[in-house]
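Student: Provided below for reference: sequence and predicted model.
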Amino acid sequence: MSRVVVCSDCGMLLDEGEMPIDSLPDPCPACGSTTRTVKLTFFDKIEMHDALKGKVKDKNFPSKKNPRREFFVGDEIRASDGKWMNKERDIDKDIDKYKEIVVDPENGEVVHHCEESLKKHLGHGSAKKKNGET
């Protein structure tokens, strides 16, 4: 927030700090008026982020074999530090493919790139072993 005080009569910019409500200001050095206009300016920041996520299912497969393909493209918050990152992920069971690319939007640096067979993509996310599993 910023605060500017000007003389209401002549518009001269005045250097007045916080004043008690029950006291009168000093007269304006230019015109002698004691009326003031206080201009307050408030600032806020709005960020827009978008993402597209989807699944492709095949009714010929049972539910455990569906979806056949999952994809995500867009902005996502990085869990480790809360920073927004650009992410692209494609999981395709039919061609046995896993691809994920994460880019820092501030400098364009690729912070993570993984492209491999889906069968080899183990120990990540939901593919991590649970307690007691071997």
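Tutor: Happy to help now that I have it.
Student: what about the protein, any weak spots by pLDDT?
Tutor: 19-21, 124-134 (pLDDT under 70).
Student: ranges for the strands of it?
Tutor: Taking DSSP state E to define them, one finds strands in the chain at 2-7, 13-14, 36-41, 51-56, 69-77, 84-92, 97-103, 110-116.
Student: what's the closest of those strands to P62?
Tutor: strand 51-56 (15.2 Å; CB to CB). From N, CA and C alone the C-beta is placed, and that goes for glycine too.
Student: distance between the closest one and the chain's centre?
Tutor: 19 Å (CA atoms, centre = their mean, to the nearest Å).
Student: Packing partners of it?
Tutor: Under the contact definition 3 or more CB pairs under 8 Å, 6 or more residues apart in numbering; DSSP states H and E, strand 51-56 sits against strand 69-77.
Student: can you give me the angle the strand it packs on makes with strand 51-56?
Tutor: Computed with axes from the mean of the first three to the mean of the last three CA atoms, to 10 degrees, the direction of strand 69-77 lies at 160 degrees from that of strand 51-56.
Student: Nearest to the spatial middle of this structure, which residue is it?
Tutor: W84 (5.1 Å; CA atoms, centre = their mean).
Student: wait, isn't K99 in contact with D90?
Tutor: Yes. Between K99 and D90 there is a contact under CB atoms under 8 Å: 4.7 Å.
Student: overlap in contacts of those two?
Tutor: The contact sets of K99 and D90 do not overlap (CB atoms under 8 Å, 6 or more residues apart in numbering).
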